[in-house]
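A.B. asks: Okay, sequence plus prediction incoming.
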Amino acid sequence: NYSVDILVQTHAGAVGPRIQAALDMVAAHVRQCALCSGKGHVCEVCNSDEVIFSFDPNTHRCEACGLVLHRACTRLMATGCPRCARLARRRDSAEKLLPAEEAS
């Protein structure tokens, strides 16, 4: 349920800055909290020391595996997501090592 006051504030553009302030506060917490910052990612393309998060505006998240990369680094990838490629190679290797099931 929304009040008329909230709708008027939204129309006047007053709600957006408050939402942005709340998002900034949450992002600052995530970066400073030892537990939350442990959920960050390191870009597998450039291997930068910077810890990145999926909510950062300059990042891209692979829809298939969830890998988070710098948006600029995704343009450097010619073969697609490095984690998806690595997982596919492991899957192929595991299938070759496992004996084939005999047909009944």
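C.D. replies: Great, that's in hand. Numbers count the residues shown, from 1 in each chain.

A.B. asks: Now do the same contact list for the residue nearest the centre of the chain.
C.D. replies: Centroid check for the chain by CA atoms, centre = their mean gives residue 54 as the closest residue, at 3.0 Å. Taking CB atoms under 8 Å, 6 or more residues apart in numbering, we find residue 54 in contact with 41, 61, 68. Any C-beta I mention is one placed from the backbone N, CA and C, and that applies to glycine too.

A.B. asks: tell me the phi and psi of the first one?
C.D. replies: Its backbone dihedrals place residue 41 at phi -130, psi 160, with angles given as degrees, to the nearest 10.

A.B. asks: Who are the packing partners of the helix ranked longest in the chain?
C.D. replies: Under DSSP state H, the helix in the chain containing the largest number of residues is helix 15-32. If contacts are counted by 3 or more CB pairs under 8 Å, 6 or more residues apart in numbering; DSSP states H and E, helix 15-32 sits against helix 34-37.

A.B. asks: pretty sure residue 46 is in contact with residue 71, am I right?
C.D. replies: No: contact between residue 46 and residue 71 fails when scored by CB atoms under 8 Å: they sit 11.6 Å apart.

A.B. asks: Now for this structure, the helix or strand with the poorest mean pLDDT.
C.D. replies: helix 4-12 (a mean of 85; mean pLDDT, DSSP states H and E).
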